[in-house]
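S.K.: heads up, no residue letters with this:
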């Protein structure tokens, strides 16, 4: 044939990439288990003892791993466990939302070391980019003050903002951040901060936060439903975050899941916090909103009760779809709203879930409450550069990511 077609093939592995992958495997094992001896690491990772020893020595030289006190068990030889050095690496996470922007600095263990937030000015990046950059520099300075060695161990800047990405939209559409999505955000931040920058949607960031320090810790298959101004889902599949071809995987809020036939309104227009704020007359940009919402929830305000009744029905259909399509170990609700409201929503959803035949080995709730904290998104954003640098992924053993 005269037609020239691109050759399709998987990229092969090479020794350098395999070594990097093995290093990540050892780091991940220590992160999940706390501390392990070289023999334990070899058994758990199926690497040779010599390979593990070489990797551990390399990680010690890099300041990422430290030996712990010798452990003596019975009559056997004493062993030396190794653990990650929490301050061996640092990352900054940035959240850009419709009304607020937050920045945070964390270490390798996900511990919060500095944070700052500010209202996001209206008018898009032309008004807001300097506010965002100012927050990043403020957190960076606070981190350097608390950890003087951090500037040489700062591995990147993770950014999270609402999706979906790549869709046409107007700036007056309350459900989209069109001007921010069209703005070269990652490139601008990289040029102004000198850091490597990664961008993802806020639900994906929440899933990373849950896997690092929350309810998905140690799980290979979990779906995180992020309840914010809108609704999204972060997908942890086979131990890795699945983003899709355009970074829009998990945009469940755009789905028409209503069982009410003629109702063609997207899910997030009914079951999100924005759908609650309107009837209550609450301003999402009001700094007093959490306190007011907490009080109204505890009072059992009729409009909150009505929203919970409808939102729990929508959650039911969403969870059923997620379970049948993705078969996760659990579905986790992550949110920045007040704990009382989040707990009521989860409790109201459980009885509505359709019966599901017991699956072998099921030990986790089908639907559970995860991180309830307005800082969950920036925590996950900061965890992304850490995961990119230290978590084993398929791309780590391929020539081309």
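M.R.: Arrived safely. Predicted model, so just to flag it, every value in this text is computed and none were measured. Residues are numbered from 1 along each chain as shown.
S.K.: gap between residue 114 and residue 101?
M.R.: Noted for residue 114: a distance of 15 Å to residue 101, by C-beta to C-beta, to the nearest Å. For glycine as for every other residue, the C-beta is placed from the backbone atoms N, C-alpha and C.
S.K.: and for residue 93?
M.R.: Distance from residue 93 to residue 101, by C-beta to C-beta: 11 Å.
S.K.: do the same with residue 300
M.R.: From residue 300 to residue 101 the distance is 33 Å (C-beta to C-beta).
S.K.: look at these two and report which has more neighbours.
M.R.: residue 101 (22 against 10; other C-beta atoms under 10 Å).
S.K.: is it true that the more buried one touches residue 115?
M.R.: No - at 11.7 Å, residue 101 does not count as touching residue 115 under the criterion of C-beta atoms under 8 Å.
S.K.: which residues of this protein fall in strands?
M.R.: Remark: strands assigned in the chain by DSSP state E are 35-37, 65-67, 81-84, 90-96, 100-107, 112-119, 154-161, 197-201, 222-227, 231-237, 240-242, 330-335, 367-372.
S.K.: other SSEs contacting the first one?
M.R.: When you say that, I think you mean strand 35-37. Counting contacts by 3 or more C-beta pairs under 8 Å, 6 or more residues apart in numbering; DSSP states H and E, strand 35-37 is packed against strand 81-84.
S.K.: now do the strand it packs on, average pLDDT.
M.R.: For strand 81-84, the mean pLDDT works out to 92.
S.K.: longest helix of this structure?
M.R.: Of all segments of type helix in the chain, defined using DSSP state H, the longest is helix 302-326.
S.K.: the closest residue to residue 147 other than its chain neighbours: how many residues sit nearby?
M.R.: Nearest non-adjacent residue to residue 147, counting by C-beta to C-beta, 6 or more residues apart in numbering: residue 87, 5.9 Å away. Residues lying near residue 87 (other C-beta under 10 Å) number 18.
S.K.: shouldn't residue 87 be in contact with residue 143?
M.R.: No - taking contacts as C-beta under 8 Å, residue 87 lies outside contact range of residue 143: 10.4 Å.
S.K.: what is in contact with the two at once?
M.R.: Shared contacts of residue 87 and residue 143 (C-beta atoms under 8 Å, 6 or more residues apart in numbering): residue 150.
S.K.: put together JSON lines for the strands of the chain, with distance to residue 315 on each row.
M.R.: As requested, these are exported to JSON lines (distance: least, C-beta to C-beta, whole Å):
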{"stretch": "strand 35-37", "distance to residue 315": "39"}
{"stretch": "strand 65-67", "distance to residue 315": "42"}
{"stretch": "strand 81-84", "distance to residue 315": "36"}
{"stretch": "strand 90-96", "distance to residue 315": "23"}
{"stretch": "strand 100-107", "distance to residue 315": "25"}
{"stretch": "strand 112-119", "distance to residue 315": "28"}
{"stretch": "strand 154-161", "distance to residue 315": "22"}
{"stretch": "strand 197-201", "distance to residue 315": "19"}
{"stretch": "strand 222-227", "distance to residue 315": "7"}
{"stretch": "strand 231-237", "distance to residue 315": "9"}
{"stretch": "strand 240-242", "distance to residue 315": "21"}
{"stretch": "strand 330-335", "distance to residue 315": "8"}
{"stretch": "strand 367-372", "distance to residue 315": "7"}
